[in-house]
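Novice: Dropping a prediction and its sequence here:
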Amino acid sequence: MTLSRFAVLLLLLATSAASLYCYDSGMKEQHCHALQPWCVKWRNSSTMSRGCADVNVCAAEVEGCFPTHGSKAEERWCCCNRDFCNSSSTVVHSLFAYLIVVIVLLLL
């Protein structure tokens with residue numbers, strides 16, 4: 001019984017680690033391609049965009065926000081590499097889902 005719990009948990013972790021999910025500009029789920037290991041939230045004085053990003057956008061390989069000064073407005077983009085981390089809130093949905101799975105497995 002313990003081996004089956006471990007196998008289910010390992011399978012869940014392996015499938016979620018293989019791909020990244022981000023929010024797009026309409027706050028809808030977006031599945032990122034393998035060459036897009038980052039979620040990004042880009043903002044200037046009038047617009048905000050979200051989506052998947054490759055290393056050309058998030059080249060530092062470090063999570064965080066990076067301000068630049070464009071020709072007409074201040075720009076800022078934030079890069080992160082966890083599922084749905086480019087939301088407007090700080091709630092991490094995937095951690096909540098894992099907690100539910102662990103509780104269910106412990107109750108079995």
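Specialist: On my side now, so go ahead.
Novice: Tell me which helix or strand in this protein has the weakest average pLDDT.
Specialist: Every helix and strand in the chain was compared by mean pLDDT, DSSP states H and E; the lowest is helix 2-17, with a mean of 52.
Novice: following that helix, which helix or strand shows up next?
Specialist: With elements assigned by DSSP states H and E, the helix or strand that comes after helix 2-17 is strand 21-23.
Novice: Show me what that next one pairs with in its sheet, parallel or antiparallel.
Specialist: According to DSSP bridges, strand 21-23 forms sheet pairs with strand 29-31 (antiparallel).
Novice: got any ranges where the protein has weak pLDDT?
Specialist: Scanning the chain for pLDDT under 70 picks out the ranges 1, 3-18, 60-61, 68-73, 89-98.
Novice: Please repeat the previous calculation with a cut-off of 90.
Specialist: The model of the chain has pLDDT under 90 over residues 1-19, 43-47, 55-77, 87-108.
Novice: residue boundaries of the helices in it?
Specialist: Listed in chain order, the helices of the chain (DSSP state H) span 2-17, 93-107.
Novice: and stretch 42-62, which residues are buried?
Specialist: 42-43, 50-53, 58 (16 or more other CB atoms under 10 Å). Bear in mind the C-beta positions are built from the backbone N, C-alpha and C, glycine included.
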